[in-house]
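> sharing a sequence plus its predicted fold:
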Amino acid sequence: MEYKENDEVRLTCSMCAALTYLLISKVEESLLMILENVPQNEKLTLFLDYSIQQLMENQNVPIEMWNINKHRHRTNNAVEGWNSQLNSTTGKQQTNVFFCSYRN
């Protein structure tokens, strides 16, 4: 609820989301700038602690994996469009890959 009601909380969350679009060399510096200006909010602090742990300290998912600054395709819209066209052409919904693997 605080996200909807508190402009500072909303701005901080938006700035964290924007880190994915920055040059990799600027991500850490920008995160530090965000942290210097964080409003006092318990839930926001928990969110930021989690974000730092997952985005900056997680060796299994390096910054290069989640940062999309120099990527041509930043979403899966092309895949969704292709799948939608395939469904339209065949006239039916395609089978979900996960459904097939769990059935066997």
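Yep, that arrived. Numbering: from 1, shown residues only.
> C-alpha from now on. contacts and neighbour counts both.
OK.
> for residue 67, give me phi and psi.
For residue 67, the backbone dihedrals are phi -80, psi 130 (criterion: degrees, to the nearest 10).
> contacting residues for the nearest residue to it once chain neighbours are set aside?
Leaving aside its sequence neighbours, residue 67 sits nearest to residue 20 (Cα to Cα, 6 or more residues apart in numbering; 4.5 Å). By Cα atoms under 8 Å, 6 or more residues apart in numbering, the contact set of residue 20 is 27, 66-69.
> what do you get if the cut-off is 10 Å, keeping everything else the same?
Counting by Cα atoms under 10 Å, 6 or more residues apart in numbering, residue 20 touches 27, 55, 63-69, 74.
> for residue 19, same thing?
Residue 19 neighbours (Cα under 10 Å, 6+ apart): 26-28, 30-31, 55, 63, 66-69.
> so it versus residue 86, what's the distance?
According to Cα to Cα, to the nearest Å, residue 19 stands 34 Å off from residue 86.
> centroid residue for this structure?
Geometric centre of the chain, nearest residue: residue 17, 6.5 Å, by Cα atoms, centre = their mean.
> so for the helix or strand hosting it, mean pLDDT?
Using DSSP states H and E, residue 17 sits within helix 7-18. Averaging pLDDT along helix 7-18 gives 92.
> alright, calling it a day.
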